[in-house]
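> Provided below are the primary sequence and the corresponding predicted coordinates.
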Protein chains: 2
Amino acid sequence: MKLLSGAIAAVDHGGSLGRASALFPHAPQPFVDLSTGINPHSYPLFDLPATALSRLPEAGQLRELAEIAASAYGAPSAMHVAAAPGTQILLPRVASLVRPGKALVLGPTYAEHARAAAIAGHAIAEVSDFDALAEADLAVLVNPNNPDGRVIEKARLLDLAARLRAKGGLLVVDEAFMDVGPIEQSLAGDLAAGGIVVLRSFGKFFGLAGVRLGFALADPLTAERLDAQLGPWAVAGPALEYGIRALSDAKWQADMRQRLAGDAVRLDALLGRFDVPAAGGTSLFRYLSFAEASTLFSALGERGVLVRHFAERPQVLRVGLPGNEAEWQRLEGALAGWAAQREDAPRESGR
Amino acid sequence: MKLLSGAIAAVDHGGSLGRASALFPHAPQPFVDLSTGINPHSYPLFDLPATALSRLPEAGQLRELAEIAASAYGAPSAMHVAAAPGTQILLPRVASLVRPGKALVLGPTYAEHARAAAIAGHAIAEVSDFDALAEADLAVLVNPNNPDGRVIEKARLLDLAARLRAKGGLLVVDEAFMDVGPIEQSLAGDLAAGGIVVLRSFGKFFGLAGVRLGFALADPLTAERLDAQLGPWAVAGPALEYGIRALSDAKWQADMRQRLAGDAVRLDALLGRFDVPAAGGTSLFRYLSFAEASTLFSALGERGVLVRHFAERPQVLRVGLPGNEAEWQRLEGALAGWAAQREDAPRESGR
């Protein structure tokens, strides 16, 4: 039973196999889950030291993580980094950095931003025009955007940030998918003047969404305010271990960027063979916008291939990357099944 | 560098080996860490499924955890449970459930409660008289108390809760150490009327402080409000796996309660042999209050045995349980060394 309703009620998301099974009870299992933008090639798993589970996380290890994250993301220093158990839990805290006022979210985008702003007491509205964000006390956008991959150029972001800062406002840029670029548009290096919070997600690019690790990058006072809200030991032992190792592994990151870019090209080509046009996205997911999207969603789901649909926009889909050849083949088979269905449909309706 | 100061600045805690090394640079390593109240006999570690790290935590698993936690803690149902990545991160959120007003904390106790209430905007004061809590908008106490083990009876707590509730106030009872009793004083079963939040810690009793898992037990609307603040996926995959398995393992819990009670008796006896009186505590830690506490702290620390001291109360110490025979022997040796020092001291000063 849900007691809360309206803007702060829970939001529907991809990535739940429980929900997939309820939606497609006759689908062949296991599902090929392409409903998220999480990298299917996770950073190599390793044995955790027992103390990562048994002992309280060490402050020294958290400092080390902040230093490595600053370096990996291009923030000026560890003082500009607040580490959290996932970006998600940061959202209401970031939205609370400015007094309740007018929050504008550049949409359509990840739904949790509007919910977080509502929790923080803001009056929220979604705008589709970037320039309209200047009217906000709290302006939020995702760059590159989820799900369509739209990129806003850094110069425009800095201009917006300056205008907001001048009136005590805040610009929040969620760079959850910036690991796969375009890195030259990241604001991670432009925090000194204040009035900007950049969010970075660990779990998506490193394929480790279960460990729960995310970062807010901001001027040092803002970063420390967020740290104070989270308290000591906010980041779990396993997240510290994986974060330190994976964020300092520049070679794995470079190789992975290349691999994902190749996979994204392959996915576009496969979709194209079935006349499904990719309208955008990033190397971690592709964005489809076409009339038959909802029938494709159902046809794939019934064949055990789960992609992300959006209740209020039935003409769009987001498709993540298959993780291995078997998954590529199941996607191809499901697409072929849908295409055969599609060819039959006009004939049947013409009878 | 720390930019924040005053009531919301970071608090000094036990459990940091980095700090211990800085304090006692010549101590034999590794330290015997008795500076926390964390069970040294952790729940048996097991191999995590890869998906616990790679995939987003499943909503169904979170519901399962809430059901098991409700049962283990004696809450009326899973709807009365909000699961979080540690109790710590819940504190400012719980303190924010009531409008900023007067927060009274029954002290001396765990310092994070006052800090969290300050973050939530309350005017905070520590009171030593339980009856004074009735004047609060937000009343906070730890039961049994950390560090002295003081227990407040349930009847008195319910009476206080009713008085606070009548004026829109809130009683927060931190039952972080209630796993080792006295369970008949727990408020986990008395949430229906509202106005009460009970906090339970997973990491202390199960010896898994690194996984970060804690719970708020409250009326369903309050529990859902806290859930909304935390957002989806607040509890990491490893915490879900360990929480579900350990909280449903009633036999391990019963055996462990007995083992810890025995260890606490053994610790009191050992301390007693050196004329160190235990003045209270729980089965997870013992509380010492005597004139020579600060010299004992230093003498043990120099010998690589770390106990918890309190900067503002030099006459008290908190001592956790040794985890194995080697640690018992190092504690005994360190106590013997201190006792020899103590005997020499008057002679030397008498020369």
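Cool, got the structure. Numbers count the residues shown, from 1 in each chain, chains lettered A, B, ... in the order given.

> quick check: domain ranges of chain A?
A:9-41+A:252-344, A:56-248 (automatic domain parsing).

> residue ranges of the helices in chain A, please?
Using DSSP state H, the helices assigned to chain A run over residues A:17-23, A:50-54, A:59-73, A:91-95, A:112-119, A:154-166, A:220-230, A:237-247, A:250-273, A:293-302, A:325-350.

> can you tell which of those helices is closest to chain B?
helix A:237-247 (3.0 Å; C-beta to the nearest C-beta). No exception for glycine: its C-beta is placed from N, CA and C like everyone else's.

> Wondering if that closest one reaches chain B at all.
Yes - judged by C-beta under 8 Å from any C-beta of the partner chain, helix A:237-247 and chain B are in contact via A:237-239, A:242.

> any idea how far B:Glu58 is from A:Ala209?
Applying C-beta to C-beta, to the nearest Å, the value for A:Ala209 to B:Glu58 is 11 Å.

> the more surrounded of those two?
Neighbour tally, A:Ala209 and B:Glu58, criterion other C-beta atoms under 10 Å in any protein chain shown: the higher count belongs to A:Ala209, 27 against 20.

> Just say which of the domains of chain A is most tucked in.
domain A:56-248 (a mean of 21; mean count of other C-beta atoms under 10 Å in any protein chain shown).

> Ignoring the adjacent residues along the chain, who's closest to A:Phe205?
A:Asp179 (3.5 Å; C-beta to C-beta, 6 or more residues apart in numbering or on different chains).

> now A:Tyr242
That would be A:Val211: by C-beta to C-beta, 6+ apart, it lies 5.3 Å from A:Tyr242.

> The one you found against B:Arg55, yeah?
No - counting by C-beta atoms under 8 Å, B:Arg55 is not a contact partner of A:Val211; they are 10.5 Å apart.

> which residues are in contact with both of the two?
Contact criterion C-beta atoms under 8 Å, 6 or more residues apart in numbering or on different chains; residues shared by A:Val211 and B:Arg55: B:Gly237.

> For A:Arg259, give me its contacts.
Contacts of A:Arg259 (C-beta under 8 Å, 6+ apart): A:His41.

> which non-adjacent residue is nearest A:Leu317?
In space, A:Leu317 is closest to A:Leu288, 4.4 Å off (C-beta to C-beta, 6+ apart).

> how close does the closest residue to A:Leu240 other than its chain neighbours sit to A:Leu230?
Nearest residue to A:Leu240, sequence neighbours excluded (C-beta to C-beta, 6+ apart): A:Gln61, at 4.9 Å. Here A:Gln61 is placed at a distance of 15 Å from A:Leu230 (C-beta to C-beta).

> how close does the nearest residue to A:Glu67 once chain neighbours are set aside get to A:Leu217?
Nearest non-adjacent residue to A:Glu67, counting by C-beta to C-beta, 6+ apart: A:Ala78, 4.3 Å away. Applying C-beta to C-beta, the value for A:Ala78 to A:Leu217 is 11 Å.

> Mind listing the shared neighbours of the two?
Shared contacts of A:Ala78 and A:Leu217, counting by C-beta under 8 Å, 6+ apart, come down to A:Ala70.

> what's near enough to touch the closest residue to A:Ala250 other than its chain neighbours?
The shortest distance from A:Ala250 to any non-neighbouring residue, by C-beta to C-beta, 6+ apart, is to A:Ala72 (7.8 Å). By C-beta under 8 Å, 6+ apart, the contact list for A:Ala72 reads A:247-248, A:250, A:253.

> gap between the spatially closest residue to A:Ala50 that is not a sequence neighbour and A:Leu56?
Leaving out its chain neighbours, the residue that sits closest to A:Ala50 by C-beta to C-beta, 6+ apart is B:Leu45, at 5.9 Å. Per C-beta to C-beta, B:Leu45 is found 16 Å from A:Leu56.

> And for A:Glu64?
Taking C-beta to C-beta, one finds A:Glu64 at 16 Å from A:Leu56.

> same question, A:Gln258
Distance from A:Gln258 to A:Leu56, by C-beta to C-beta: 39 Å.

> Got the confidence number for the closest residue to A:Ala261 other than its chain neighbours?
The shortest distance from A:Ala261 to any non-neighbouring residue, by C-beta to C-beta, 6+ apart, is to A:Ser283 (4.9 Å). For A:Ser283, the model assigns a pLDDT of 98.

> Also A:His13?
On the pLDDT scale, A:His13 gets 76.

> List the residues that contact it.
So A:His13 contacts A:111, B:232 (C-beta under 8 Å, 6+ apart).

> mind checking pLDDT for A:Ser349?
49.

> related to what we said a few turns ago, for the residue nearest to A:Ala50, grab phi and psi.
phi -70, psi 150 (degrees, to the nearest 10).

> and it, how many neighbours does it have?
13.

> Surely it is in contact with A:Leu53?
Yes - contact criterion C-beta under 8 Å: B:Leu45 and A:Leu53 qualify, at 6.3 Å.

> how near is A:Gln88 to B:Val211?
From A:Gln88 to B:Val211 the distance is 18 Å (C-beta to C-beta).

> And A:Gly194, by the same measure?
Per C-beta to C-beta, A:Gly194 is found 35 Å from B:Val211.
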